[in-house]
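Participant: With the input below, show me the fold.
(one chain, ligands or ions: 1)
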Amino acid sequence: MSHEVPTPPTKRSGKSSPVDRQFSWKIANSLLISFKYAWQGITYAFGTQRNFRIHVAIGSLAVSLGVALSLTGLELAIISLTIGLVLTLELLNTAIESVVDLTVEQTYHELAKIAKDCAAGAVMVSSFAAITVAGLLIIPRLYGAIAALFF
Ligand SMILES: Nc1ncnc2c1ncn2[C@@H]1O[C@H](COP(=O)(O)OP(=O)(O)OP(=O)(O)O)[C@@H](O)[C@H]1O
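Facilitator: Below is the predicted model:
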């Protein structure tokens, strides 16, 4: 797959960075521009990573269920934190995959395999933790709500 590579800016504009990152193609000079690039990363992951979309959907469902079942603020905060952890690790997994592909391109390398497998493993561990937390907090309330409907 070919990617169109944008032309680098001829001259860096704005304030200089406290650390001269000479190998950086471009440095975001303002908070707003940093947010813009961060958002581009999130939309890239959402558009290209099926697992990221699945986690966003499950996370939204868990929070909605939590609100509907009147979970306490602390319980909702714990669920939100675990979902945030999964999504954060998904983004890091995508970043690591990109750096590995950039480094080794389409060649097999045992270290590339380790990097990608460990990054994917980190997502899996956090997903299991999120399922456990959501299950412990939501399922008893859901069971109680369903039971109250019939008995
Ligand atoms: N260059 C490589 N050298 C060795 N093994 C590789 C290489 N690229 C990918 N792999 C192996 O293939 C697996 C899948 O790699 P890929 O880049 O497709 O990740 P992915 O399927 O997008 O992962 P995820 O589902 O976590 O996003 C990796 O976990 C790794 O075991």
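Participant: Show me what the longest helix along the chain is packed up against.
Facilitator: When the chain is parsed with DSSP state H, its longest helix is helix 110-150. Using 3 or more C-beta pairs under 8 Å, 6 or more residues apart in numbering; DSSP states H and E as the contact test, the elements touching helix 110-150 are helix 50-68, helix 73-104. Every residue, glycine included, has its C-beta placed from N, CA and C.
Participant: Let me have these in TSV, extended by mean neighbour count.
Facilitator: Listed next are these as TSV, based on neighbours: other C-beta atoms under 10 Å:
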stretch	mean neighbour count
helix 50-68	15
helix 73-104	16
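Participant: got a list of what residue 63 touches?
Facilitator: Residues in contact with residue 63 (C-beta atoms under 8 Å, 6 or more residues apart in numbering) are 76, 79-80, 83.
Participant: wait, residue 41 sits on residue 92?
Facilitator: No: counting by C-beta atoms under 8 Å, residue 92 is not a contact partner of residue 41; they are 10.4 Å apart.
Participant: Let me know the distance separating residue 64 from residue 53.
Facilitator: Per C-beta to C-beta, to the nearest Å, residue 64 is found 16 Å from residue 53.
Participant: ok, so of the contacts of residue 63, who is nearest the ligand?
Facilitator: residue 83 (17.6 Å; C-beta to the nearest ligand atom).
Participant: Sweet, I'm off.
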